[in-house]
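Chemist: Structure for the following, please:
(one chain, ligands or ions: 3)
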Amino acid sequence: MSNFSNQIRLSSSLLRRLKRKTTTGNPLLLLTRSFTTTEGHRPTIVHKRSLDILHDPWFNKGTAFSMTERDRLDLRGLLPPNVMSSEQQIERFMHDLKRLQVQARDGPSDTNALAKWRILNRLHDRNETMYYKVLIANIEEYAPIVYTPTVGLVCQNYSGLFRRPRGMYFSAADRGEMMSMVYNWPADQVDMIVVTDGSRILGLGDLGVQGIGIAIGKLDLYVAAAGINPHRVLPVMIDVGTNNEKLLKDPLYLGLQDHRLEGNEYLAVIDEFMEAVFTRWPNLIVQFEDFQSKWAFNLLQRYRNTYRMFNDDVQGTAGVAIAGLLGAVRAQGRPMIDFPKQKIVVAGAGSAGIGVLNAARKTMARMLGNNEVAFESAKTQFWVVDAKGLITEERENIDPDALPFARNVKEIARQGLCEGASLEEVVKQVKPDVLLGLSAVGGLFSKEVLEALKGSTSTRPAIFAMSNPTTNAECTPEEAFSIVGENIIFASGSPFNDVNLGNGRIGHCNQGNNMYLFPGIGLGTLLSGSRVISDGMLQAAAECLAEYMTEEEVVNGIIYPSISRIRDITKEVAAAVIKEAIKEDLAEGYRDMDARELRKLNKEEIVDFVKNNMWNPEYPTLVYRED
Ligand SMILES: NC(=O)C1=CN([C@@H]2O[C@H](COP(=O)(O)OP(=O)(O)OC[C@H]3O[C@@H](n4cnc5c(N)ncnc54)[C@H](O)[C@@H]3O)[C@@H](O)[C@H]2O)C=CC1
Ligand SMILES: CC(=O)C(=O)O
Ligand SMILES: [Mg+2]
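Modeler: Ligands and ions are numbered 1, 2, ... in the order given. You can find the predicted model right below:
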């Protein structure tokens, strides 16, 4: 049946209902309006009324319910009589929120930030559409509140902040029950799950069940940046215990007070969860977030060829780093193809560091001819330093994931280095083009390390202090610009203000965070209908981000877009992911757009297809129907 005749059918049932319920307003006027309704404004059918609607953030519009809708949904008398526009609602809300900012002193991570999070969270609880409208319109200001750095503070304080539950909790105590309990979630369709086991939340370590905050924050960006419908996202916490002794002793801790499951017992819980969610929602995409490194790689290999899933810390971070590293090459006035000549020191060999190293090595190898020799030679561009210093082949009990990057001892001796050499020593001897931190150690790029970087052979040394949240950044932009020099390229994982270099010049602080990629990877995968997320799709996402920046921007030290452009870059990234899925013959299509139709689209049409499928925070017309 065409949309138009659908509308007629709806309209006549609407008319019957209006005749029964409406005491004011002209039903015919409403009927006429619904005749002109377009596809995008089709009414939303709801199966609840009255207070149940007002208490449901998915459907609630608060004071913006029109009088006819109040009658239709039995809301008359349950709201103050003045009907507000959504603009007026937001004006009132923002007035309240802005009052807090007056005394804010220390930037986004001070205590006012937590108060702002509370206010925003309360809005999310009562009116989801309005919440996302506020977030999207003010993304630059509130991304640091719903995401890093404040989300870290929220996770640390989650037991105290907990009011209404959001998302689902699967615990070790639910073994054998997950296949049925997954049906407790009210939505018949879920597109995106972000799941964590809370074992490594940002750089804050094991926060157990409190890690749910990061899944919620990431999904906020899925809605705000990628336009994933908020009714179809699900934050998940898998509580397999915690090894955080403080939480184990805290009587107010909300999670299981046992040590973490290990080995096969752990795997059995994650396996059961994956099977349950993909059984109920076969078209789902699952993003793994903030799993400690020992499980991050293992689970990625275990599931990536079977399920639509990816690990954001390993794969999303890698793509963002590659885009930034290519930007840094361009900023030196060199073509991207010169990337394989860069000397890169990486501090941190966990899930994020190793993910970046593998992806950077592959990118270099591709540029050098994409063969075994190129792959071997590319690895000599990296020096990896972890908690025990420079990693060489002499390292005892070396982590297998770090092994490919262990330096040859003889070769390193010629550079005046040895196993376990300090970061300062490595930087001094290597004179790298890039110093990249994913160590979770705040201040690791000390004055001495930054002084050593002054000896870099690059015309524009690049510093990536990517650890989160703010206090875990390896250095601040002020430290970097003042010690290494004004010509550097700087990026940090959490937002910092740009640095005033005097004489009207600005030291640009880029935010090098996987938020520029994961929403587009998820959206592109969803709309392509690919059943897996291939390396090629991830590479396409990274290249799209790299190419998004203009020559003028990179020359000025701007290697990532401003957060205010996150919805636009996400649309482009999603389109690039779809294009690659089509190229690799992985695309199976989405809804009416089957694989054959998808293959016919040109680049611009793919971008339009993405744009048309992004959810916008507009109130839909609600129509009640009994179950
Ligand atoms: N900006 C972004 O988009 C992202 C940032 N991250 C950040 O990266 C950090 C690390 O994450 P993971 O790799 O998963 O953690 P992890 O705990 O698995 O790895 C940390 C690594 O740092 C090393 N390390 C510790 N102390 C060190 C020191 N003094 N010198 C050199 N290395 C040292 C450890 O040995 C380990 O190899 C976290 O702070 C996280 O927030 C992670 C993903 C994305
Ligand atoms: C950004 C992110 O995913 C992290 O810090 O873990
Ligand atoms: Mg993460």
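Chemist: Enumerate the residues of this protein near ligand 2.
Modeler: Proximity of the chain to ligand 2 (Cβ under 6 Å from any ligand atom) is limited to residues 148, 202, 290, 312, 313, 468, 493, 513, 514. Placement of C-beta: from N, CA and C, glycine included.
Chemist: Run a quick neighbour tally on the first one.
Modeler: Yep, that's residue 148 we're talking about. 26 (other Cβ atoms under 10 Å).
Chemist: Tell me who's in contact with it.
Modeler: Neighbouring residues of residue 148 by Cβ atoms under 8 Å, 6 or more residues apart in numbering: 202, 217, 468, 469, 470, 493, 494, 495, 513.
Chemist: of these, list those near ligand 1.
Modeler: 202, 468, 493, 513.
Chemist: quick one: contacts for the first one?
Modeler: Going by Cβ under 8 Å, 6+ apart, residue 202 touches 148, 151, 152, 155, 214, 290, 440, 467, 468, 469, 472.
Chemist: secondary structure class for it?
Modeler: coil (DSSP: H, G, I helix; E, B strand; the rest coil).
Chemist: Excluding chain neighbours, what is closest to it?
Modeler: Among residues not flanking residue 202 along the chain, residue 468 sits closest, at 4.2 Å (Cβ to Cβ, 6 or more residues apart in numbering).
Chemist: hang on, the one you found in a helix?
Modeler: No: assigned with three-state DSSP, residue 468 falls outside any helix and is coil.
Chemist: Next, count neighbours for the residue nearest to residue 331 when sequence neighbours are not counted.
Modeler: Among residues not flanking residue 331 along the chain, residue 554 sits closest, at 4.7 Å (Cβ to Cβ, 6+ apart). The tally of other residues near residue 554 (other Cβ under 10 Å) stands at 20.
Chemist: Surely residue 554 touches residue 334?
Modeler: No: if you go by Cβ atoms under 8 Å, residue 554 and residue 334 don't touch, sitting 10.7 Å apart.
Chemist: So which bits of the stretch 51-200 of the chain are right by ligand 1?
Modeler: residue 200.
Chemist: Next one: the residue nearest to residue 79 when sequence neighbours are not counted, what pLDDT does it get?
Modeler: Closest residue to residue 79 apart from its sequence neighbours, by Cβ to Cβ, 6+ apart: residue 63 at 5.9 Å. pLDDT, residue 63: 88.
Chemist: quick one: contacts for residue 63?
Modeler: Here residue 63 is in contact with 79, 80, 82, 83, 84, 89 (Cβ under 8 Å, 6+ apart).
Chemist: cool, and residue 535?
Modeler: With Cβ under 8 Å, 6+ apart, residue 535 has these contacts: residue 362.
Chemist: got it, and residue 451?
Modeler: residue 483 are the contacts of residue 451 under Cβ under 8 Å, 6+ apart.
Chemist: is it fair to say it lies in a strand?
Modeler: No: secondary structure of residue 451 (three-state DSSP): helix, not part of a strand.
Chemist: Kindly provide the distance from it to residue 445.
Modeler: With distances taken as Cβ to Cβ, to the nearest Å, residue 451 is found 10 Å from residue 445.
Chemist: Check residue 348 too.
Modeler: 12 Å.
Chemist: Of those two, give the one with the bigger neighbour count.
Modeler: Shown here are residue 348 and residue 445; by other Cβ under 10 Å, residue 445 has more neighbours (29 against 26).
Chemist: Quick check, that one in contact with residue 461.
Modeler: No: in this structure, residue 445 is not within contact of residue 461 by Cβ under 8 Å, at 11.6 Å.
Chemist: which neighbours do these two share?
Modeler: Common neighbours of residue 445 and residue 461 (Cβ under 8 Å, 6+ apart) are residue 435.
Chemist: a helix runs through the residue nearest to residue 79, doesn't it?
Modeler: Yes: the assignment for residue 63 is a helix, going by three-state DSSP.
Chemist: By neighbours, which of the contacts of residue 148 wins?
Modeler: Result: residue 493 is most packed of these (other Cβ under 10 Å), 30 neighbours.
Chemist: Enumerate every residue touching that residue.
Modeler: 148, 465, 466, 467, 468, 469, 473, 511, 512, 513.
Chemist: any idea how far residue 311 is from the closest residue to the last one other than its chain neighbours?
Modeler: I take that to be residue 513. Distances taken as Cβ to Cβ, 6+ apart put residue 493 closest to residue 513, at 5.3 Å, once the chain neighbours are dropped. Distance check for residue 493 against residue 311: by Cβ to Cβ, it reads 17 Å.
Chemist: Same check on residue 317?
Modeler: For residue 317 relative to residue 311 (Cβ to Cβ), the value is 9 Å.
Chemist: Determine which two of the contacts of residue 493 are furthest apart.
Modeler: 469 and 512 (13.9 Å; Cβ to Cβ).
Chemist: longest strand of this structure?
Modeler: strand 233-239 (DSSP state E).
Chemist: Name the strands paired with it and say parallel or antiparallel.
Modeler: strand 168-171 (parallel), strand 192-196 (parallel) (DSSP bridges).
Chemist: which one of those strands is the most hemmed in?
Modeler: Sort the strands paired with strand 233-239 by mean neighbour count, taking mean count of other Cβ atoms under 10 Å, and strand 192-196 sits at the top with a mean of 27.
Chemist: Is there any residue in it that contacts ligand 3?
Modeler: No: with Cβ under 5 Å from the ion as the criterion, ligand 3 is not reached by strand 192-196; the gap is at least 8.2 Å.
Chemist: Sweet, I'm off.
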